[in-house]
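*Asks:* What follows is a predicted protein model with its sequence.
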Amino acid sequence: MPKTHILVIEDDDDARMMYGIMLRSWGYDVSEATTGREGIKAALRRAPDVILLDIMMPDMDGYEVYLQLRGKLGFHRVPILFLTALDSLEDRIKGYAMGADDFISKSQTDYKELGVRIKAATERADRLSESGRGTSRGSVIGLLSLRGGVGVSTLAMHLARHATTVSDRQVILIDLAFPVGSISLWSGISGTRNSVSLLSRAPSEIDLSVIKNYSLQNVYGSYFVPGPATLTDLSAVRPQALERVLEILRDAGYIVILDLGHATLPLMWDTPTKCDWLGIVTSADNTSCALATELMTSLPGRGVDPRSLVLLFNDCTNKTPSDISIGLPRTPDVFIPYTESFDELTTSSAFSHLWSMIAADEQEYLELLRDDRGIAGDQ
């Protein structure tokens, strides 16, 4: 079993050496950095299990180092303990208010207490890690099409509703169909409580409570973050903020459904690679089929696992061709029948079939593929 890796960010040479000797004597694997910027680089180069962070440093104080690290993908659960000469009540309140796992005063803590507090932080992190594994970890499902008018937003909304009825997890739909979100228009919602405002925040400012503040709940029990209801400047949107949002929701066990629309910006941000499942929506017309084929063949070259691609044929015009695979790279995985009743759409066997695919684990899905398409071969 690998040793717990602790990164010490401390500019005082004597203090840093003392901590290193002490931590190694307790069996920890120790890395050291002498400045805030060095510490950030060291953490990104080799992710630590725990960070001991001084506050008063010449290039960048520990508070800023904390904020920058918390904004990095994968660092919101790493225990960060301030270990500092500062010991005023105001300093301690500031540290805890930022979300630090502990605030340890150098002058008031002996080495035995330091060891106990580090051990407690690692054990808390281990418990959180265990609770985030297996069935408790959430998943991200994206829906997109390069062709407008094929019903991506409609399918996203009704998949969210279906997931709410069949799953005991929290479900949240995020509208990324920029520049104007269909969901906000349909629901009559306007204002700044939308996905653009959320994703324009610094990643370090985003946590689960912030995401909830931007979320609304519908009558079916699922949550949604609408897109803007009017043309909106998107220049402030940060791809890193979206990564942060998805990471937090995954760790909290949410089923996240992304309405990617035409995917203009999400494709630039490599959002499809962040999805566990990606539904490519097409309809009967030749252009829709050609664009769906382009996505199905090109996305694997952009880092998307081809096994995560689900081809959805949405009969949105009630003009089903005799062979729905015409012009497509394969027979669609799910056929969504035409209906004028949204309630019938949500409860249709098509959504049950889709859900059975994306809710299955990888081995079940591979077996489903083999059964449906005659794919053979050892995995």
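*Replies:* Here it is on my side, so go on.
*Asks:* Setting the sequence-adjacent residues aside, check what's closest to residue 316.
*Replies:* residue 151 (4.5 Å; CB to CB, 6 or more residues apart in numbering). C-beta coordinates here come from the backbone N, C-alpha and C atoms, glycine included.
*Asks:* quick one: contacts for the one you found?
*Replies:* 281, 283, 314, 316, 336 (CB atoms under 8 Å, 6 or more residues apart in numbering).
*Asks:* thought the third one was touching residue 153?
*Replies:* No - using CB atoms under 8 Å, residue 314 is not in contact with residue 153, being 11.2 Å away.
*Asks:* Neighbour count: those two, which is higher?
*Replies:* Shown here are residue 314 and residue 153; by other CB atoms under 10 Å, residue 314 has more neighbours (25 against 22).
*Asks:* quick one, phi psi at that one?
*Replies:* phi -100, psi 110 (degrees, to the nearest 10).
*Asks:* Next one, pLDDT for it please.
*Replies:* On the pLDDT scale, residue 314 is placed at 89.
*Asks:* next one: residue 143
*Replies:* Residue 143 is given a pLDDT of 95.
*Asks:* residues near the closest residue to it other than its chain neighbours, how many?
*Replies:* Spatially, and ignoring its direct neighbours in sequence, residue 143 is nearest to residue 279 (4.4 Å; CB to CB, 6+ apart). Neighbour count of residue 279, defined by other CB under 10 Å: 28.
*Asks:* can you pull the buried residues of the helix or strand hosting residue 350?
*Replies:* Taking DSSP states H and E as the criterion, residue 350 maps to helix 349-358. By neighbour count on 16 or more other CB atoms under 10 Å, the buried set for helix 349-358 is 350, 351, 354, 355, 357, 358.
*Asks:* got it, and stretch 259-269?
*Replies:* Per 16+ other CB under 10 Å, stretch 259-269 contains these buried residues: 259, 260, 261, 262, 263, 265, 266, 267, 269.
*Asks:* Could you double-check that the second one lies in contact with residue 266?
*Replies:* It refers to residue 260. Yes - the pair residue 260 and residue 266 passes the contact test of CB under 8 Å, sitting 4.7 Å apart.
*Asks:* any residues in contact with both of these two?
*Replies:* What both residue 260 and residue 266 touch, as defined by CB under 8 Å, 6+ apart, is the set 142, 144, 176, 272.
*Asks:* For the helix or strand encompassing the first one, name the packing helices and strands.
*Replies:* Residue 142 belongs to strand 139-144 when elements are defined using DSSP H and E. Under the contact criterion of 3 or more CB pairs under 8 Å, 6 or more residues apart in numbering; DSSP states H and E, strand 139-144 touches helix 152-166, helix 239-251, strand 255-259, strand 277-282.
*Asks:* To residue 94, which of these lies closest?
*Replies:* Closest of those to residue 94 is helix 239-251, at 22.2 Å (criterion: CB to CB).
*Asks:* Return the distance of that closest one from the chain's centre.
*Replies:* 3 Å (CA atoms, centre = their mean, to the nearest Å).
*Asks:* Surely residue 195 touches residue 174?
*Replies:* Yes - using CB under 8 Å, residue 195 is in contact with residue 174, at 5.8 Å.
*Asks:* Burial check on residue 80, number of neighbours?
*Replies:* Around residue 80 there are 25 residues (other CB under 10 Å).
*Asks:* ok, back up a step: of residue 195 and residue 174, who's got more company?
*Replies:* More crowded of residue 195 and residue 174, by other CB under 10 Å: residue 174, with 31 against 28.
*Asks:* Next up, the contacts around that one.
*Replies:* Contacts for residue 174 (CB under 8 Å, 6+ apart) come out as 195, 224, 225, 245, 256, 257, 258, 259.
*Asks:* Pull out the CA atoms of stretch 3-20 and give them to me as CSV.
*Replies:* The C-alpha trace of stretch 3-20 is given here as CSV (Å, rounded to 0.1, in the frame of the first residue of the first chain):
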residue,chain,number,x,y,z
LYS,A,3,2.5,5.8,1.8
THR,A,4,0.3,8.9,2.4
HIS,A,5,1.9,11.7,0.5
ILE,A,6,2.1,15.0,2.3
LEU,A,7,3.2,18.3,0.6
VAL,A,8,4.7,20.9,2.9
ILE,A,9,4.6,24.5,1.5
GLU,A,10,6.8,26.5,3.9
ASP,A,11,9.3,29.3,3.1
ASP,A,12,11.2,29.0,6.4
ASP,A,13,14.0,26.6,5.8
ASP,A,14,14.4,25.5,9.4
ALA,A,15,10.7,24.9,9.9
ARG,A,16,10.3,23.1,6.6
MET,A,17,13.3,20.8,7.4
MET,A,18,11.9,20.1,10.9
TYR,A,19,8.4,19.1,9.5
GLY,A,20,10.1,16.9,6.8
